[in-house]
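> sequence first, then the predicted structure:
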4 protein chains.
Amino acid sequence: MGKLNQKIKEEKDSGFSTVVSGRFTNKDGRYNVKRKGVNLFDRYSWYHTFLLLPRFKFIGILVIAYVIANLIFASIYYAIGIEHLTGIDKSSPVREFVDVFFFSAQTFTTVGYGRIAPVGALASFVATFEAFLGLLCFAIATGLFYGRFSRPRAFIKFSEIAVVAPFEEEMAIMFRAAPFKNNMLSEAEVTITAAIEETKNGKLVSKFYQLEPTLQKINSFSLNWTIVHKIDSNSPFYGYTKEDFNNTDIELIIMIKAFDEVFANTVVQRTSYITSEIIYGAQFLPMYHSSKDNKTTILDLDKIDEYKRVE
Amino acid sequence: MGKLNQKIKEEKDSGFSTVVSGRFTNKDGRYNVKRKGVNLFDRYSWYHTFLLLPRFKFIGILVIAYVIANLIFASIYYAIGIEHLTGIDKSSPVREFVDVFFFSAQTFTTVGYGRIAPVGALASFVATFEAFLGLLCFAIATGLFYGRFSRPRAFIKFSEIAVVAPFEEEMAIMFRAAPFKNNMLSEAEVTITAAIEETKNGKLVSKFYQLEPTLQKINSFSLNWTIVHKIDSNSPFYGYTKEDFNNTDIELIIMIKAFDEVFANTVVQRTSYITSEIIYGAQFLPMYHSSKDNKTTILDLDKIDEYKRVE
Amino acid sequence: MGKLNQKIKEEKDSGFSTVVSGRFTNKDGRYNVKRKGVNLFDRYSWYHTFLLLPRFKFIGILVIAYVIANLIFASIYYAIGIEHLTGIDKSSPVREFVDVFFFSAQTFTTVGYGRIAPVGALASFVATFEAFLGLLCFAIATGLFYGRFSRPRAFIKFSEIAVVAPFEEEMAIMFRAAPFKNNMLSEAEVTITAAIEETKNGKLVSKFYQLEPTLQKINSFSLNWTIVHKIDSNSPFYGYTKEDFNNTDIELIIMIKAFDEVFANTVVQRTSYITSEIIYGAQFLPMYHSSKDNKTTILDLDKIDEYKRVE
Amino acid sequence: MGKLNQKIKEEKDSGFSTVVSGRFTNKDGRYNVKRKGVNLFDRYSWYHTFLLLPRFKFIGILVIAYVIANLIFASIYYAIGIEHLTGIDKSSPVREFVDVFFFSAQTFTTVGYGRIAPVGALASFVATFEAFLGLLCFAIATGLFYGRFSRPRAFIKFSEIAVVAPFEEEMAIMFRAAPFKNNMLSEAEVTITAAIEETKNGKLVSKFYQLEPTLQKINSFSLNWTIVHKIDSNSPFYGYTKEDFNNTDIELIIMIKAFDEVFANTVVQRTSYITSEIIYGAQFLPMYHSSKDNKTTILDLDKIDEYKRVE
């Protein structure tokens, strides 16, 4: 375990626990905390859940819900009696149920061809309710779709690794980030919090330090941004050797905040680097170049992790 | 009534009235103010009202509105004459009305099976208008659903009680808060305003004081946050005894503001603690622990109010 | 015209023109500026226009658009030939057109009873396009409805008049504001800009001054807020007499900015007071009182303009 | 190439590359950067793409998608066999396909006249799925429409050119901006970054400088705003001659940020001026005047580029 620069003030306001239980922030930026207590429905915001669901799962859930809703309504119509629906194919119970199922679907989606239609109060009542429910469900689906794709996201790609390399007479910790979509980011700001494990009264605890980047803010975030923390006398890592970096449990918790001009909203992206993701003695290679006609800059996102060894 | 620390400057910009009329802020964070004057429609934003309605009331109102709309349209069709609708079951007036009602519902939801359909200008005109109105109503319902579930909310749970306990050689007022859903909060900031009742010229008035927390801001709000106001010489409560705390009308008005990274929006949660909710000589018990595999922190929300007596 | 306090620095960054052409800000808070040039479509954001339209006009426009769309499509079907629609009542040309019109409406709203249905490629093609267009139009209407009612608005009522009254040994300009709906405002901030007409080189020009309120910000904006600008030696009005106030063209341009906790958004409301709306020697009367059970504060919005004469 | 004022500190946090590859910011404000790497789908946010698409392209894509979807479903129904659809005109294969195509459209839009309707499980199943898909597609379209027109945009028109003219005993760089729609902007703030090409170690590099405007912020942005950068001893251009301005590769990168009170959101607009768009010795002509009744100010947007030569 490395000996920390004692001059540097520990940070109290990280909001993380000093008790060590694995990573504080997962690689994808989510907090590594589980909640229990209260009841399940209170503990989950179903809207947050639907927003963060992968696309295919989301569509899958909609399809399954549609099928289940129709099965339930088909059963109700069937229980009421198929004689209350006109145009049903009565050649076999299976065909009956199939026709009832499709009648339900035609009602739920409000297609209503009318080949099959309800007669009598009960079947009509259920159909009336089903059409209403169908429209509300599609109203909710509309909201969920919009919520999902309009959610302001940062679309910032971080390098998988951080490096430690010589920089202006000192060593420096560096990692990089780049916007990877057709978004427009400006006024990007970075915060680096280091969680460093130490033994205190015989127990392992984490201490938190704010690491100063050489540039905390950039006006236009259109190219890659190499964020540099210089390990000078103001850094908690001042005096750290390669061995210290390899043998101490370190976690760099990164947050970039920027203004997305398409969403006209502030967006945030997080990531973290733990000891095994910090490479001592390596330097990033450039990742952009001029276009052939020299009129545009080309940013090659596949090169974000390319580095060469130094020393 | 306790004698307040005279050194501390009263706060003028709380925005609350100094006249004492019960709690300033309700436990759920809403202001304890009623409005009258202007007319009812101007005094309520129906959209705010619909946003804040409990889920079941909201759905209930939609259902009732749907039924009423269909009753009204059914009456109109009935008044026009059922001979202008094809396919009506004319075996009894009740059946007639039932069929007309369901025709209305099939039009309002745009299902339009066609078993019953309008003939003649008047019935067709009403149906044309009803289908249009139906679509607009579902357009509005879509907006309300989306407005309800996309509304940025803080999902912060406060402890029901605040405690007064020894802290770093002094006493301190403490309460805690924790995010209780699958949201991602960062840059949380707390404001504590104390309203303390005093006699001034023989009348009871409230004076307001800003209480300094030991940490005003935390970077990551993923675990519980115990907010501590140290009762030192900069606190209006400096020198307060247990009796003072029990016998003075105090209200601590709390506001936490944070950035929700899923909504990409600032969210706010409020609460308040009145004298009977402040326990002197008590200390909160820890509410998080490591998972068995030591890789995650588990936050137990049911423990948020657990405390032990001290002294 | 009053003689202004020469010590006070004129404000250069109001953004208004110094040329005098009536009010700078209308009573409802909109800028008193007209634009010409570019073309009409570029000069108006139709979305802003629809957002700001009074409710009845908005609904009216939707209804008219619906009728016109159906007239156009009915004409097209009629031109194609009614023999391409089944179920048309051919007893007279008027009845034919009426049936075609209602067929169009049934298609546009996707009701599709089927009593009248297209046969043949041309009529089917138009119906296919009309149903598609209908759905897109209702998609747009859904967005407009949502945009209209979800638009963050301040719902702040200003007093119609400002008063000049004695205040802490000096005179002060006062006006008041109150939230009048079931919204939750916090961190309200006021800005007062005074535009004062002066003769400069024989021409009338406006000079702008920032007026300092005694409280610029309040934490909770739940009751009325009386905004006070003390006319002391730091005010441009220092030394102004009643006659000066009555004979000088003054415009106080007010902006309140607050955070609405229901919308979770910053909202802004503006107004202005011109000379004729500033009453010298008047004082506002209180507009809130305790409820009978002394547990709530009642804010009476109808009293916002009540004042008594002083001196 | 002009000799730069050496006193002025270069700006490190522009976020742009110092390598020269044409314009940094295009005239329309987008960054002049292309991305490659990762895969195409990851590199584009389809939502950003749809938001920024010109209106006619957007509608065109919707129409084409609608036609293609119906062609695909028509082919499926045709493959299943037209005997599973009632009411098909079987006089020729073309007519059959045409009827099947229109049946598909009636299902996709949920019109469902019922003249043609599915019989049998397979055709009914496809129709059930198609109606569901149709509703989801219109849900997405609803979201896209709303996203497009509710997107906060600045609607600020910049002058096509910047000028260099005498101003208060010195020269100054000036350009102007005006809100051109019925929006309400306040608290507008400008940032000017100059990228100036220099030879460094024989290579052309860009250096970045922050240019101070005489007014950085205006409260109300309702008229035109002439932004003035005075070329005094604090400017990197101090001492620049007409020839220097004409012979040096300069790019002024402009960003205006304002609060739109209709959207209740911060909006941003950018542009840039390169050497050929900077006119030395020219002065803008006024672009607003009083209305005839002297009660309103008229802003003439067509005059935004009008200037006269000076010296």
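Cool, the structure landed.
> return the set of buried residues in stretch A:113-125.
A:113-121, A:123-125 (16 or more other C-beta atoms under 10 Å in any protein chain shown). The C-beta positions use only the backbone N, C-alpha and C, and glycine is treated the same way.
> using CSV, lay out the residues you listed together with secondary structure.
Below are these laid out as CSV (DSSP: H, G, I helix; E, B strand; the rest coil):
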residue, secondary structure
A:113, coil
A:114, coil
A:115, coil
A:116, coil
A:117, strand
A:118, strand
A:119, coil
A:120, coil
A:121, helix
A:123, helix
A:124, helix
A:125, helix
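> any stretches of chain A with poor pLDDT?
A:1-2, A:19-21, A:311 (pLDDT under 70).
> quick one: whichever residue of chain A sits closest to chain C from chain D, how far?
Residue nearest to chain C within chain A: residue A:114 (5.2 Å; C-beta to the nearest C-beta). Applying C-beta to the nearest C-beta, to the nearest Å, the value for residue A:114 to chain D is 4 Å.
> that residue against residue D:116, yeah?
No: using C-beta atoms under 8 Å, residue A:114 is not in contact with residue D:116; the gap is 11.1 Å.
> looking at this, residue A:295 is in a strand?
No: per three-state DSSP, residue A:295 lies outside any strand segment and is coil.
> who's in contact with the closest residue to it other than its chain neighbours?
Nearest residue to residue A:295 in three dimensions, chain neighbours excluded: residue D:22, at 3.7 Å (C-beta to C-beta, 6 or more residues apart in numbering or on different chains). Listed by C-beta atoms under 8 Å, 6 or more residues apart in numbering or on different chains, the contact partners of residue D:22 are A:294-297, D:32.
> tell me if the host helix or strand of residue A:194 is near chain D.
According to DSSP states H and E, residue A:194 maps onto strand A:185-200. Yes: using C-beta under 8 Å from any C-beta of the partner chain, we find that strand A:185-200 touches chain D at A:186, A:188.
> what separates the helix or strand following that strand from the chain centre, distance-wise?
Next helix or strand after strand A:185-200 toward the C-terminus (DSSP H and E): strand A:203-211. Here the centre of strand A:203-211 is set off from its chain's centre by 26 Å, with C-alpha atoms, centre = their mean, to the nearest Å.
> what's the angle from whichever helix or strand comes after strand A:203-211 to strand D:203-211?
Next helix or strand after strand A:203-211 toward the C-terminus (DSSP H and E): strand A:217-221. Direction vectors for strand A:217-221 and strand D:203-211, defined by axes from the mean of the first three to the mean of the last three C-alpha atoms, to 10 degrees, enclose an angle of 110 degrees.
> give me the residues contacting the following helix or strand past strand A:217-221.
Next along the chain after strand A:217-221, taking DSSP H and E as the criterion, comes strand A:225-230. Applying C-beta under 8 Å, 6+ apart, the set of residues contacting strand A:225-230 from outside is A:167-168, A:170-178, A:188, A:190, A:192, A:211-215, A:218, A:235, A:254, A:284, D:15.
> let's see that with 6 Å instead.
A:170, A:172-177, A:190, A:211, A:213-214 (C-beta atoms under 6 Å, 6 or more residues apart in numbering or on different chains).
> ok, the closest residue to residue A:120 other than its chain neighbours - contacts?
Ranked by C-beta to C-beta, 6+ apart and with sequence neighbours excluded, the top spatial neighbour of residue A:120 is residue A:84, at 4.4 Å. The contact partners of residue A:84, taken as C-beta under 6 Å, 6+ apart, are A:119-120, A:123.
> repeat for residue A:144
residue A:50.
> sec struct for it, please.
helix.
> care to break chain A down by domain?
Per automatic domain parsing, the structural domains of chain A span A:40-150, A:160-309.
> dump those domains into CSV; add distance to residue B:129 as well.
CSV is the format used below for those (distance: least, C-beta to C-beta, whole Å):
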stretch, distance to residue B:129
domain A:40-150, 18
domain A:160-309, 39
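> among these, which is nearest residue B:161?
In terms of C-beta to C-beta, the element of the domains of chain A nearest to residue B:161 is domain A:40-150, at 19.6 Å.
> got the phi and psi for residue A:41?
phi -70, psi -30 (degrees, to the nearest 10).
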